[in-house]
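Asker: predicted model and sequence below, questions to follow.
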Amino acid sequence: MLAGLGHAHLFVLEALATGALDGCDVVVCTGEAEHVYSGMVPGWLGGRYDRSELSLDTEQLCQWAGATRLPQHVRGLDPVSRRITLDNGDTLAFDLCSIAVGSKPAGLDVAGASEHAIPLKPLHNVERLRTQLSELAARGRGAVTVVGAGLAGIEMALATRARLTLDGDVARAVAITVLGVEHELVPERGPRLARQLIRACDRQRVAVRLGARVARVHHDALELADGARLPSDCTVWATGAAAPPWLAASGLPVDDRGFLLVDGHLRSPGAAHVFAAGDCATPLSWDDTPKAGVYAVRMGPVLARTLASVVQHRALPAPYAPQRQFLALVNTGDGRAIASRGSLALSGTWAMWLKDRLDRAFIARFAGG
């Protein structure tokens with residue numbers, strides 16, 4: 001049973017398609033009609049990609065692999081009885097369960113956030129954002145606020161400016177602001193990347209306001225914890241990751257944020273027949289692993305090999321060890337990107353070329369589905 005169709009589960013479907021899971025019936029539970037590659041969403045918002053270039057049809061993927069798709073999200077798991085519960089209330093039995101349901105934006109319990117803010121996930125929320133941006137562009141004035149000054153928030157703010165630029169010079173009057181709770185920009189990745197991000201924001205007329213905590217979201221403004229009020233006709237919620245509540249409710253071991261703990265074989269220490277990968281999983285030995293798509297992609301082949309070994313009653317493969325550093329490529333919306341690894345950060349059109357090539361290669365790998 002594959003709960004969700006996150007990036008890591010694409011590799012499991014690939015293993016099924018190539019015969020590595022022979023003798024195993026695979027059921028995929030996802031209510032999403034498309035698998036969307038998150039790394040290309042800002043480029044789609046900014047007009048670089050068509051919708052078809054960053055998405056894969058989930059039904060077609062399952063048919064290609066030889067899996068059965070159930071068009072329902074999972075909302076519960078009982079590891080003792082080995083049953084999952086779907087959105088429609090149905091329960092299904094399994095022998096092995098792998099979970100790749102990603103995460104949801106944190107902080108949506110802030111007053112007014114769930115009613116008035118646009119979370120980045122799922123993709124239809126970004127479609128709402130495109131619609132609102134077109135309305136602001138037609139008016140030729142207004143304010144967009146991106147809550148969350150991590151790489152995702154900065155990238156979406158820059159993509160927002162790129163989208164508005166497509167709608168003509170009148171849209172240049174729309175103000176864009178990024179709000180961050182921390183007093184430093186991406187402190188975990190060093191000052192060089194922070195400087196490159198600030199330069200990109202300055203070029204694209206995106207204001208960055210740090211040390212700002214949102215206390216309430218209105219349809220046309222934000223109230224900050226310090227009492228300030230910030231006009232915002234369109235509020236984008238790009239905060240950190242939060243765990244789906246049903247993970248902790250399963251009774252399986254979770255970290256302090258509610259994400260499933262897994263060992264080196266991406267297996268729950270509380271149930272040898274339950275596996276997890278991607279944002280929803282936290283490696284026991286590396287519990288500070290960032291919730292970033294690059295880790296889900298790296299976990300995918302390990303998960304596929306591990307499940308194949310279990311199904312075929314073979315010795316388990318080498319355990320997963322997350323890389324301590326990873327290459328981050330930030331699309332700045334102006335034909336350039338910033339490449340960051342460790343303390344280094346460089347910007348240029350070459351970096352956007354590299355990002356585009358890597359992103360397209362990921363989609364192409366599974367396009368046979």
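Answerer: Yep, it's here.
Asker: drop to CA atoms for contacts and neighbour counts, all remaining ones
Answerer: Will do.
Asker: so Arg360 sits in a helix?
Answerer: Yes: judged by DSSP: H, G, I helix; E, B strand; the rest coil, Arg360 forms part of a helix.
Asker: neighbours around it, how many?
Answerer: The local packing of Arg360 (other Cα atoms under 10 Å) involves 16 other residues.
Asker: ok, it to Ala100 distance?
Answerer: Arg360 sits 22 Å away from Ala100, going by Cα to Cα, to the nearest Å.
Asker: Arg199 versus the residue nearest to the spatial centre of the chain, what's the distance?
Answerer: Most central in the chain under Cα atoms, centre = their mean is Ser38, positioned 5.6 Å from the mean C-alpha point. Distance, Ser38 to Arg199, using Cα to Cα: 24 Å.
Asker: one more: Trp44?
Answerer: Taking Cα to Cα, one finds Trp44 at 22 Å from Arg199.
Asker: could you chop the protein up by domain?
Answerer: Domain segmentation of the chain under automatic domain parsing yields 2-31+71-103+243-323, 114-234.
Asker: any idea how far apart the tips of the shortest one sit?
Answerer: Spelled out, that is domain 114-234. Using Cα to Cα, the two ends of domain 114-234 sit 13 Å apart.
Asker: returning to that earlier point: of the domains of the chain, which approaches Ala351 most closely?
Answerer: Nearest of the domains of the chain to Ala351, taken as Cα to Cα: domain 114-234 at 12.9 Å.
Asker: now do the closest one, average pLDDT.
Answerer: In this model, domain 114-234 has an average pLDDT of 91.
Asker: repeat for stretch 64-79
Answerer: Mean predicted confidence for stretch 64-79 is 96.
Asker: buried stuff in that stretch?
Answerer: The neighbour-count check on stretch 64-79 (16 or more other Cα atoms under 10 Å) flags 64-77, 79 as buried.
Asker: ditto for stretch 234-247
Answerer: Counting neighbours by 16+ other Cα under 10 Å, one finds that the buried residues in stretch 234-247 are 234-244, 247.
Asker: for stretch 156-175, same thing?
Answerer: With burial defined by 16+ other Cα under 10 Å, the residues of stretch 156-175 counted as buried are 156-165, 167, 171-175.
Asker: same question for stretch 17-33.
Answerer: 17, 20-21, 26-32.
Asker: and that stretch, how far out from the chain's middle?
Answerer: 22 Å (Cα atoms, centre = their mean, to the nearest Å).
Asker: quick check: end-to-end length of it?
Answerer: 20 Å.
Asker: how about the strands in the stretch 251-369 of the chain?
Answerer: 260-262, 267-268, 271-276, 281-283, 328-331, 337-341, 344-348 (DSSP state E, counting those that start in this stretch).
Asker: what's the closest of those to Ala367?
Answerer: The nearest among the strands of the stretch 251-369 of the chain, by Cα to Cα, is strand 328-331 at 22.6 Å.
Asker: circling back: of Trp44 and Arg199, which one has the most company?
Answerer: Trp44 (20 against 13).
Asker: what sits against the more buried one?
Answerer: 50-51, 54 (Cα atoms under 8 Å, 6 or more residues apart in numbering).
Asker: give the contact list for Glu182.
Answerer: 210-212.
Asker: just among these, which is most surrounded?
Answerer: Ala212 (18 neighbours).
Asker: could you find the closest non-adjacent residue to it?
Answerer: Nearest residue to Ala212 in three dimensions, chain neighbours excluded: Val181, at 4.9 Å (Cα to Cα, 6 or more residues apart in numbering).
Asker: wait, doesn't that neighbour sit right on Arg213?
Answerer: Yes: counting by Cα atoms under 8 Å, Val181 does reach Arg213; the two are 5.3 Å apart.
Asker: let's see which of the buried residues of stretch 156-175 end up in strands.
Answerer: Ala175 (DSSP state E).
Asker: among the buried residues of stretch 156-175, which pair sits farthest apart?
Answerer: Pairwise over the buried residues of stretch 156-175, using Cα to Cα, the maximum falls at Met156 and Ala173, 18.0 Å.
Asker: three-state assignment of Ala215?
Answerer: Of the three states, Ala215 takes strand according to three-state DSSP.
Asker: state the distance from it to Ala238.
Answerer: 15 Å.
Asker: kindly report the same for Glu59.
Answerer: The separation that Glu59 has from Ala238, given Cα to Cα, amounts to 29 Å.
Asker: wait, is His35 part of a helix?
Answerer: No: per three-state DSSP, His35 lies outside any helix segment and is strand.
Asker: that one touches Gly4, doesn't it?
Answerer: No: using Cα under 8 Å, His35 is not in contact with Gly4; the gap is 10.0 Å.
Asker: got the phi and psi for the nearest residue to Arg130 once chain neighbours are set aside?
Answerer: Distance criterion Cα to Cα, 6+ apart; nearest residue to Arg130, sequence neighbours excluded, is Leu45 at 6.8 Å. When read as degrees, to the nearest 10, the backbone of Leu45 gives phi -60, psi -40.
Asker: what about Leu45, how many neighbours?
Answerer: Leu45 has 24 nearby residues by other Cα under 10 Å.
Asker: quick one, helices of the stretch 1-150 of the chain?
Answerer: 7-17, 41-45, 58-65, 113-116, 123-139 (DSSP state H, counting those that start in this stretch).
Asker: can you redo the ones you listed as a markdown table with distance to Ala149?
Answerer: A markdown table is the format used below for the helices of the stretch 1-150 of the chain (distance: least, Cα to Cα, whole Å):
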| stretch | distance to Ala149 |
| --- | --- |
| helix 7-17 | 24 |
| helix 41-45 | 15 |
| helix 58-65 | 31 |
| helix 113-116 | 17 |
| helix 123-139 | 18 |
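Asker: where in the stretch 251-369 of the chain is pLDDT low?
Answerer: Within the stretch 251-369 of the chain, the ranges that satisfy pLDDT under 70 run 368-369.
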